[in-house]
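Asks: Just need the structure, nothing else, for what follows:
(one chain, ligands or ions: 1)
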Amino acid sequence: MSLDWKAQQSDIRTRFDRDGFVQLSSFFSESEVGEVLENLERFIRDRVPSLPPEHAFYEDKADRRTLKQLQNLHGYDSFFGKLTVGGGFEDLATALLGDRAVAQNLQYFNKPAGIGKGTPAHQDGYYFMLEPCLAVTMWLALEEVDAENGCVRYIPGSHKRCIRPHQRTTTLGFSQGIADWSDADEAATVSCPANPGDLLVHHAMTIHRADGNQSKTRSRQALGFVYFGESAKADEKAKAAYVQKLTREMKAAGKI
Ligand SMILES: O=C(O)CCC(=O)C(=O)O
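Replies: Now for the predicted structure:
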């Protein structure tokens, strides 16, 4: 871990509590990012072909080069497991939540060059179904990310308001988007370009979105670590029913 975040812990917590997100430059060094990319390459080559379809999404499922999202990396692979559980990401999540962080998911997010779709505006808490809504997502940039290839955009302070109504989208991997998105919402967004190794951390209530990848040559790869606070209770029945219904719909539509 390149950044000594513990030395700045109180300032980081203040910014996170105020804005609902915080950007930490050079959280990972160049060589740590290189190691992640090497392991991703191995995982995609050796393991992804045998994953269940609901854990590996493609922009075009007939074209393996269009891989856009992976779920549960930490459960499938010991390199990613060690990164997610018992390490620096978990420690930082605990510090920001003020509650012991419990790892839930490690996702891979890619927007392939030219075809990567936008991420609809949403709050992770809508998907998580937690009471209280105490969770963070940590988004680690693995390459240069900017307005052209689809950087993440947040509405600062939105974590202090309510969960907005969401509705079904047609975007594979982001099935829910804010239903009453307005020009005022758009104007309130702040874009977060990032360099490889930079970490964006957002609260589960924070509204965020990203554009599609307009670059013809550059992909947009990132890892997303999800942690729930120990005291947050998930409505597991409602969540399992939703995931089951969604998987059925995606299979019926030929998307997975
Ligand atoms: O990678 C993206 O475009 C957005 C990721 C996201 O929505 C999340 O990590 O909660």
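Asks: Please make it C-alpha for all contacts and neighbour counts, starting now.
Replies: Will do.
Asks: which other residues reach stretch 22-39?
Replies: Applying Cα atoms under 8 Å, 6 or more residues apart in numbering, the contact partners of stretch 22-39 are 1-3, 5, 12, 15-16, 79, 142, 192, 194-202.
Asks: hey, C-alpha coordinates of that stretch in CSV?
Replies: The C-alpha trace of stretch 22-39 is given here as CSV (Å, rounded to 0.1, in the frame of the first residue of the first chain):
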residue,chain,number,x,y,z
VAL,A,22,-13.4,10.8,-0.8
GLN,A,23,-10.6,10.4,-3.4
LEU,A,24,-7.2,9.1,-2.2
SER,A,25,-4.4,9.6,-4.7
SER,A,26,-1.8,6.8,-5.1
PHE,A,27,-3.5,4.5,-2.6
PHE,A,28,-1.7,1.7,-4.6
SER,A,29,1.7,2.1,-6.1
GLU,A,30,2.5,1.5,-9.8
SER,A,31,3.9,-2.0,-9.0
GLU,A,32,0.9,-2.9,-6.9
VAL,A,33,-1.4,-1.9,-9.7
GLY,A,34,0.8,-4.0,-12.1
GLU,A,35,0.4,-7.0,-9.8
VAL,A,36,-3.4,-6.6,-9.8
LEU,A,37,-3.5,-6.4,-13.6
GLU,A,38,-1.3,-9.5,-13.9
ASN,A,39,-3.6,-11.4,-11.6
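Asks: buried ones in that stretch?
Replies: Neighbour-count burial for stretch 22-39, with 16 or more other Cα atoms under 10 Å as criterion, is recorded at 22-29, 32-33, 36-37.
Asks: And stretch 95-102, by the same measure?
Replies: So stretch 95-102, judged by 16+ other Cα under 10 Å, has buried residues 95-97, 99-102.
Asks: Next, format the buried residues of stretch 22-39 as JSON lines and append distance to the ligand.
Replies: Listed next are those as JSON lines, based on distance: Cα to the nearest ligand atom, whole Å:
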{"residue": "22", "distance to the ligand": "13"}
{"residue": "23", "distance to the ligand": "13"}
{"residue": "24", "distance to the ligand": "15"}
{"residue": "25", "distance to the ligand": "17"}
{"residue": "26", "distance to the ligand": "18"}
{"residue": "27", "distance to the ligand": "17"}
{"residue": "28", "distance to the ligand": "17"}
{"residue": "29", "distance to the ligand": "20"}
{"residue": "32", "distance to the ligand": "20"}
{"residue": "33", "distance to the ligand": "17"}
{"residue": "36", "distance to the ligand": "17"}
{"residue": "37", "distance to the ligand": "16"}
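Asks: about what we covered before: the buried residues of stretch 95-102 in strands, which ones?
Replies: 101-102 (DSSP state E).
Asks: Next up, phi/psi of the residue nearest the centre of the chain, please.
Replies: Most central in the chain under Cα atoms, centre = their mean is residue 224, positioned 3.7 Å from the mean C-alpha point. Dihedral pair for residue 224: phi -120, psi 110, per degrees, to the nearest 10.
Asks: picking that back up, ok, and of the contacts of stretch 22-39, which contact the ligand?
Replies: Residues of these in contact with the ligand (Cα under 6 Å from any ligand atom): none.
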